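Colleague: Kindly return the folded structure for what I paste below:
(one chain, ligands or ions: 1)
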Amino acid sequence: MNPKARIAVTGCVVEKDADIISKIDGVTDIIKNCDKEKLLSLITGQASVTSNNITNFKGHTKAFVKVQDGCNNFCSFCKVPLVRGRSKSRPIDEIKKEVALLLDAGFKEIVLSGICLGEWGRDFKKTLELTDLIEGIDNLSKDFRIRLSSIELRYITQRLIKKIATSNKLCKHLHIPLQSGDDSILKKMNRPYTRDEFLKKIKEIRTSIPHIGITTDALVGFPGEEEVHFNATLALLKECKVHRIHAFSYSQREGTKAAALKRTVPDSIVRDRVDTLIRLSSELSYEYRKEFLDKEVEVLVESKRDKKTQLLTGYTDTYIRVLLEGDDSLMGSLYRCNISDVTLDSTLAKA
Ligand code: SF4
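Modeller: Predicted coordinates:
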């Protein structure tokens, strides 16, 4: 439609297949993955227009702040370390400035995110850990909350658990990827924990923070995954009482260790297993949400109403999606309300 348009390609795939991509008709610019935040200035030759260094907004209530990139773990199915390289953390002062700007702009939830969030600070000369970053921003005197995006089990330290238990800003929610509940599959995946260690840590977290919301990822159809291995995953997820499971099917990534393994699980079985996990996720979510019936919660009210019911909607700090009555003036605020009804599909709250 616009013959003068320039087409720039960036992202992980560019790191490996730049030659192939440059031959695609119409592609004018190839920007390395590590330079993608400078994309506009690289193309226009002008100074970056994102001088505030703000990472990303979602709606008008929460903002994602990317604090590190890359990963030092080499899970056998994952291409990330190959295309993004080793973990690199953003300096704490830079992050604090970004968070302050976002809070001034009215955002009420800051989601700290990264490719391997728990690695933050470990590449500094004077090593820091994620809790240092949290302590650096949770003293900003504003009415807001901090959520951690996905974090691997190995980075959940005693100190972090204590921080979540005692902080009035840090959400009582952890997304901890499990991937499999069977030790032999975990080993093949090069995941650095056993099923018992995972369970032990979850129990430890729940002892300190009884009603914490725990969500997870499960990878289905990894080479060699048999019924017995999948059943072990189901059993562990039930025992951990996670309240949301992001189930995804294995796909082979060139260059990874797992790519050398023969695929053994037929697609139809993978689909069935994913469906089973989706059903389990909804059952576990229902059980968890019932714990909050008649209890007071704080909801960050989103800037769009629920499409089906036209009610206001938002998430609690424990990551329960709530529907509530109220007028638009509540949008964007942290609102205290009571859970009045819990069904398989929804959670209702009243003022
Ligand atoms: S799955 Fe996560 S922890 Fe494992 S290598 Fe990939 S990015 Fe790193």
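
Colleague: Next to the ligand in this structure, residues from the protein, please.
Modeller: 71, 73, 74, 75, 78, 80, 81, 115, 116, 152 (C-beta under 6 Å from any ligand atom). Every residue, glycine included, has its C-beta placed from N, CA and C.

Colleague: Just say helix, strand or coil for the fourth one.
Modeller: This points to residue 75. Following DSSP: H, G, I helix; E, B strand; the rest coil, we place residue 75 in the coil state.

Colleague: you'd agree it is up against residue 187?
Modeller: No: here residue 75 lies out of contact with residue 187, judged by C-beta atoms under 8 Å, at a distance of 11.4 Å.

Colleague: related to what we said a few turns ago, quick one: which of the residues of the chain next to the ligand sit in strands?
Modeller: Using DSSP state E, no member of the residues of the chain next to the ligand falls within strands.

Colleague: what sits against residue 278?
Modeller: 245, 247 (C-beta atoms under 8 Å, 6 or more residues apart in numbering).

Colleague: how close does it sit to residue 338?
Modeller: Distance, residue 278 to residue 338, by C-beta to C-beta, to the nearest Å: 29 Å.

Colleague: swap in residue 186?
Modeller: 41 Å.

Colleague: between the two, who's got more neighbours?
Modeller: Remark: of residue 186 and residue 338, residue 186 carries more neighbours, 24 against 15, as counted by other C-beta atoms under 10 Å.

Colleague: Okay, and that one sits in which element?
Modeller: Residue 186 is located in helix 183-188, with elements delineated by DSSP states H and E.

Colleague: Could you list the buried residues of that helix?
Modeller: Going by neighbour count (16 or more other C-beta atoms under 10 Å), the buried part of helix 183-188 is 183, 185, 186, 188.

Colleague: so which of those comes closest to the ligand?
Modeller: residue 186 (11.8 Å; C-beta to the nearest ligand atom).

Colleague: contacting residues for the closest residue to that closest one other than its chain neighbours?
Modeller: Distances taken as C-beta to C-beta, 6 or more residues apart in numbering place residue 180 nearest to residue 186, at 5.3 Å, with adjacent residues excluded. By C-beta under 8 Å, 6+ apart, the contact set of residue 180 is 186, 189, 191, 218, 219, 222, 225, 229, 232, 233.

Colleague: Low-confidence stretches in this structure?
Modeller: Along the chain, segments meeting pLDDT under 70 span 47-60.

Colleague: in it, which helix has the most residues?
Modeller: helix 267-290 (DSSP state H).

Colleague: following that helix, which helix or strand comes up?
Modeller: strand 296-301.

Colleague: what helices or strands is that next one leaning on?
Modeller: On a contact count with 3 or more C-beta pairs under 8 Å, 6 or more residues apart in numbering; DSSP states H and E, strand 296-301 meets strand 312-316, strand 321-324, strand 334-342.

Colleague: Can you show me the CA trace of that strand as CSV?
Modeller: Taking Å, rounded to 0.1, in the frame of the first residue of the first chain, the C-alpha atoms of strand 296-301 are listed here in CSV:
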residue,chain,number,x,y,z
GLU,A,296,-11.7,-8.5,51.6
VAL,A,297,-9.3,-8.2,48.6
GLU,A,298,-7.7,-5.3,46.8
VAL,A,299,-8.3,-5.2,43.0
LEU,A,300,-6.5,-3.1,40.5
VAL,A,301,-9.5,-2.1,38.3
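
Colleague: how about residue 167, phi and psi?
Modeller: Dihedral pair for residue 167: phi -80, psi 140, per degrees, to the nearest 10.

Colleague: nope, residue 205 is what I was after
Modeller: The phi/psi pair for residue 205 (degrees, to the nearest 10) is phi -60, psi -50.

Colleague: That one - how many residues pack around it?
Modeller: 21.

Colleague: how far away is it from residue 172?
Modeller: The value you get for residue 205 to residue 172, if C-beta to C-beta is used, is 10 Å.
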